[in-house]
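In: Quick one, fold the following:
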Amino acid sequence: MKFNDAAKVLDGIPHISRHSARVLYDFIRAEKPVDCLELGFAHGASSGYVAAALAANGQGHLTSVDLEASREFHTTIEQTLASLNLASMVTVCRELNSYNWFLKKQIEAQTTDDVCAPCYDFVFIDGSKNWTIDGLAFFLADKLLRPGGWILFDDYSWRYADAIERGKTQSDGVSARDLSPDQIDEPNVAAIFHLLVAQHPDYSRFQVQDDSWAWARKAPGTREVKKTGKSVLGSRLSRWKARVSGNA
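Out: So this is what the prediction gives:
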């Protein structure tokens, strides 16, 4: 499915901007991951763009995981995918309180003789934005990510403090009342990225885009963390588009 066709359906469904959706779609089209995992899907907008790109590639499948509470959303991921006619491209999984329990079960299923066989080419962590939950999610997802695969974090600069200012005291099942002042003030995902991901010896190609998305590749390479804005991001998209035809 072409990006513009997907966008006609998905525009207005939270929580991904058109700009970010284009980046995600073009990444899938260019890198061609076959087995994809999304941790945190909300209404399924980003899931829809990934599924559309996989469909355009002619292969691939997405597993999307979130909480049971997502069944109560005014627009569910099932409705979003059905509107695109792409439900067959996505397996939807829900857990009661954390996608980390899903990851535990996946590691169990992939383990033979005490060795876990990785099974994903791309992991998109777009859920709790919490050090404890997503810090563990990284290490669990790493066991399931194939060499050469990519991991992407959303909400790099998100803070509980900003959510509180907007009147939101609970986010993804985590109450701000249970957090220390410094955890409320600090962007948890940025801490995970710099202190866990960027220091992991198996990862490279670290990039923070627009202080929003943080990428890393599970492969040898440069260990510098690069920060890019829209101009550099746009040039990268141009390179991706040059490698892909017919996806506009």
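
In: Where does pLDDT dip in this structure?
Out: 230-248 (pLDDT under 70).

In: List the residues that contact the residue nearest the centre of it.
Out: Geometric centre of the chain, nearest residue: residue 124, 2.1 Å, by C-alpha atoms, centre = their mean. Contact partners of residue 124, counting by C-beta atoms under 8 Å, 6 or more residues apart in numbering, are 24, 36, 37, 38, 39, 46, 50, 151, 152, 154. No exception for glycine: its C-beta is placed from N, CA and C like everyone else's.

In: Setting aside sequence neighbours, what's the nearest residue to residue 117?
Out: residue 110 (4.9 Å; C-beta to C-beta, 6 or more residues apart in numbering).

In: in its sheet, what does the longest strand along the chain sit against?
Out: Looking across the chain with DSSP state E, the single longest strand is strand 145-153. Partner strands and pairing direction for strand 145-153 (DSSP bridges) are strand 120-125 (parallel), strand 213-217 (antiparallel).

In: now what about the helix or strand following that strand, what contacts it?
Out: Using DSSP states H and E, the helix or strand that follows strand 145-153 in sequence is helix 160-165. With C-beta under 8 Å, 6+ apart as the test, helix 160-165 has contacts from 169, 171, 176, 179, 183, 184, 185, 188.

In: ok, now stretch 88-104?
Out: 39-41, 47, 51, 54-55, 60-68, 70-71, 77-78, 81, 127-128, 133, 136-137, 140-141, 144, 173.

In: Among these, which lie within strands?
Out: Those of the contacts of stretch 88-104 lying in strands (DSSP E): 39, 61, 62, 63, 64, 65, 66, 67.

In: Nearest to residue 224 among these?
Out: residue 39 (26.2 Å; C-beta to C-beta).

In: still on that earlier bit, alpha carbons only: can I get the longest strand of the chain in CSV?
Out: Output of strand 145-153 as CSV, limited to C-alpha atoms (Å, rounded to 0.1, in the frame of the first residue of the first chain):
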residue,chain,number,x,y,z
LEU,A,145,16.4,-9.0,17.9
ARG,A,146,18.4,-10.6,15.2
PRO,A,147,21.9,-9.3,14.4
GLY,A,148,21.7,-6.5,11.9
GLY,A,149,18.2,-5.6,13.2
TRP,A,150,17.1,-2.1,14.3
ILE,A,151,15.5,-0.9,17.5
LEU,A,152,13.6,2.4,17.7
PHE,A,153,12.4,4.3,20.7
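
In: quick one: that strand to chain centroid distance?
Out: 11 Å (C-alpha atoms, centre = their mean, to the nearest Å).
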